[in-house]
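Asks: One predicted model, sequence on top.
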Amino acid sequence: MNTLCVSNEIITTMTELLHDYFFMCDSRANITCFSRKGKIGFQNLILFMLNFLNHSTQKELNDFFKLIGSEKSTMTQQAFSQARQKITVKPFVTFFKVSATKMSSVDDLTLFNGYRISAVDGSSIALENAPELHSYFGVSGNGDNAVTARASVLYDSLNDIIIDAKIVPYSCGERELAKQHIDALCALDPHNDLVLFDRGYPSAELIAYLNSRKIHFLMRVPRSFSREINAISTTFGKVNISHDSKIYTINVIKFPLPSGEIETLITDIADENMTVEEWKKLYFMRWPVETNFDQLKNKLQLENFSGKTVLAVQQDFYASMFLLNLAASFKYVSDAKIEDKNKLANNKFKYQTNVNQMIGVLKDDLIMILLQPNPTKRDKMFKKLVSHISSNKLPIRPGRQYPRSKKTSRLKHPFNAKSAL
């Protein structure tokens, strides 16, 4: 299977699961749930929650029932809140894992010098000040009064895949989450894996754990991490780091930033043929994981949760992880279609799919594809959807850079980051 087939594979598997009685039984909160035909049912309830919800719940419910041709049998927001309690978080985790596994097992993954490049990153997630959320997720801020969760992802930077994701109480440490991500990475098809970490992650314990799991790493380290590393005055050097009576030899790379600050990276890879510029390029591949959180928070409006319970937050979180992966799989096909169309055109730039517009197009159309049990009709709908997505494109301007502005804005949703939903 290659990248051009993976979105269809994911949709086919999802359709099979949604029509699987045993999957429904395994997903419900208890044995009595969905034993009678209700207003929405298991399948439609799942699909509703996967429909890029961002408006008021009542408006989304009215629109959804109209979409599926049942506008006469809509339900209230309160009824939906009760209905979602009948489903555990498991089906959404399953959909997400299906997308991550299928996308990571394609034959034409993009690699760097033979390595699959992944990056770990975390972010704080603002939540409603509800008693249940306060008790489970905890708080942050100077006054310890802002209810906050911690989200963490392992992201394949070159193939746009969220490999693993967690949403946990704010008190949970990023390094512990990183180890859980590594376990998830090791469970996938074997590759020569290299994981990138920012300067909040380095520790002797994490380095030892990566070594035990045979995962390569490249970490940015702060000055407070090691006096031995600080003492190195050359571009390349070596240090020994000990943990549990074992010694690990670590390679050090140092280079100046435009600001004059010295950037320090450490790695277990001993490749004397790689230049400083190549190491800089490799570490810069971590940047997409930062933009990934931007897509989650701004385009998918991750923090705009549709409920105030722990279950609702977990359901919405893993639904968003799945949807972002699915959108990336559609982008594979759309980008290929755009490239094919532009082969004979004398364009100044190459073009790619407009992700913001793509997410807007996927809303509703994706639901209708998933509701279609006939594979032939579903494939026809899929091709029509891809054609629509590929008509919205943006030029790729290589080397485009802007100085980082230190001025802060009070706007939660600035004009140039508006969602297409």
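Replies: Okay, I see it.

Asks: Could you tell me which other helices and strands the helix or strand that F382 is a member of packs against?
Replies: Under DSSP states H and E, the secondary-structure element containing F382 is helix 375-390. If contacts are counted by 3 or more Cβ pairs under 8 Å, 6 or more residues apart in numbering; DSSP states H and E, helix 375-390 sits against helix 3-18, helix 310-341, helix 355-371. C-beta: built from backbone N, CA, C; applies to glycine.

Asks: who touches that helix?
Replies: Under the criterion Cβ atoms under 8 Å, 6 or more residues apart in numbering, residues 7-8, 11-12, 15, 330-331, 333-335, 337-338, 341, 353, 357-358, 361-362, 365-366, 368-369, 372 lie in contact with helix 375-390.

Asks: try it again with 6 Å
Replies: With contact meaning Cβ atoms under 6 Å, 6 or more residues apart in numbering, helix 375-390 is reached by 333-334, 337-338, 358, 361, 365, 369, 372.

Asks: How about stretch 57-75?
Replies: Judged by Cβ under 6 Å, 6+ apart, the contacts made with stretch 57-75 from elsewhere in the structure are 39, 48, 53, 77, 80, 306, 364.

Asks: do you know how far the last one is from F95?
Replies: Right, D364. D364 sits 18 Å away from F95, taking Cβ to Cβ, to the nearest Å as the criterion.

Asks: Can you pick out the residue with more neighbours from those two?
Replies: F95 (24 against 15; other Cβ atoms under 10 Å).

Asks: so that one, which of the three states?
Replies: The three-state assignment at F95 reads helix, by DSSP: H, G, I helix; E, B strand; the rest coil.

Asks: The stretch 201-350 of the chain: helices as residue ranges?
Replies: Under the criterion DSSP state H, counting those that start in this stretch, the stretch 201-350 of the chain contains helices at 204-212, 227-231, 276-284, 287-294, 310-341.

Asks: Pull out the buried residues from the shortest one.
Replies: Spelled out, it's helix 227-231. 229-230 (16 or more other Cβ atoms under 10 Å).

Asks: Can you pull out the residues in contact with whichever helix or strand I46 is part of?
Replies: Per DSSP H and E, I46 falls inside helix 41-49. Contacts with helix 41-49, where a contact means Cβ under 6 Å, 6+ apart, come from 18, 24, 34, 64, 83, 319, 367.

Asks: out of the residues you listed, who has the most neighbours?
Replies: In terms of neighbours by other Cβ under 10 Å, the contacts of helix 41-49 top out with A319 at 25 neighbours.

Asks: which residues touch that one?
Replies: With contact taken as Cβ under 6 Å, 6+ apart, A319 is in contact with 49-50, 92.

Asks: what's the closest of the residues you listed to I117?
Replies: For I117, the closest of those turns out to be F92, at 27.0 Å, with distances computed as Cβ to Cβ.

Asks: is it true that Y209 touches K179?
Replies: Yes - under the criterion of Cβ atoms under 6 Å, Y209 lies in contact with K179, with a separation of 5.5 Å.

Asks: How many residues are close by K308?
Replies: Burial measure for K308: 16 neighbouring residues, criterion other Cβ under 10 Å.

Asks: gap between the closest residue to it other than its chain neighbours and S140?
Replies: Ranked by Cβ to Cβ, 6 or more residues apart in numbering and with sequence neighbours excluded, the top spatial neighbour of K308 is A130, at 4.1 Å. With distances taken as Cβ to Cβ, A130 is found 16 Å from S140.

Asks: List the beta-bridge partners for V139.
Replies: With DSSP bridges applied, V139 shows beta-bridge pairing to V147.

Asks: how far away is it from G173?
Replies: Between V139 and G173 the distance is 16 Å, computed by Cβ to Cβ.

Asks: swap in D335?
Replies: Note on D335: its distance to G173, by Cβ to Cβ, is 37 Å.

Asks: Looking at the two, which has the bigger crowd around it?
Replies: Set side by side, D335 and G173 give different neighbour counts by other Cβ under 10 Å, the larger being at D335 (20 against 15).
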